[in-house]
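K.L.:
fold the following for me, if possible:
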Amino acid sequence: MTTWQKRDWYQFYERARRPWRHHRPPRPIYPSGLNRVLPAAGFSLSELDDAHIDLELAERLGLPVDAGRMGAYGPNVTALRDFARAERQPL
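P.N.:
Numbers count the residues shown, from 1 in each chain. A predicted model of the protein is given here:
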């Protein structure tokens, strides 16, 4: 491993200042008690189905899927729809 030269640092900071080309995938959550949510391992199959996203598209978009989770949580479905819509629009 070599040390970075001044030009390498300029290139690094130039790339770091650029805006994101793609949106980061949303993180799944599930309700736990009164007014409380916890992170989930992945989106349930019913949430993906309600958002009109199949497994192939979910894999391509980098969405975590948890086949063991049952049911659909409304905010997850909304986040999935918004994320899929944002990914389809050209930047």
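
K.L.:
when you work out contacts or count neighbours from here on, use the C-alpha atoms and nothing else.
P.N.:
Will do.

K.L.:
what mean pLDDT does the longest helix belonging to the chain get?
P.N.:
Taking DSSP state H as the criterion, the chain has its longest helix at helix 74-88. The pLDDT scores in helix 74-88 average 91.

K.L.:
ok, and for it, which residues are buried?
P.N.:
In terms of neighbour count (16 or more other C-alpha atoms under 10 Å), helix 74-88 has its buried residues at 76-77, 79-81, 83-84, 87.

K.L.:
now do the contacts for the residue most central in space within the chain.
P.N.:
The structure's the chain has its C-alpha centroid closest to Pro25; by C-alpha atoms, centre = their mean the separation is 1.0 Å. Pro25 is in contact with 61-63, 83, counting by C-alpha atoms under 8 Å, 6 or more residues apart in numbering.

K.L.:
switch to 10 Å and redo it
P.N.:
58, 61-64, 79-80, 83-84, 87 (C-alpha atoms under 10 Å, 6 or more residues apart in numbering).

K.L.:
widest-spaced pair of those?
P.N.:
Pro64 and Glu87 (16.0 Å; C-alpha to C-alpha).

K.L.:
flag the shaky bits of the chain, pLDDT-wise.
P.N.:
Residues of the chain meeting the criterion pLDDT under 70: 1, 19-23, 89-91.

K.L.:
what are the ranges of the strands in it?
P.N.:
Along the chain, the stretches classed as strands by DSSP state E are 29-31, 37-39.

K.L.:
all helices in the chain, in order from the N-terminus.
P.N.:
So, for the chain - with DSSP H - the helices run 6-17, 45-50, 55-61, 74-88.

K.L.:
how far off centre is the first one?
P.N.:
Going back to what we said before, that points to helix 6-17. 27 Å (C-alpha atoms, centre = their mean, to the nearest Å).
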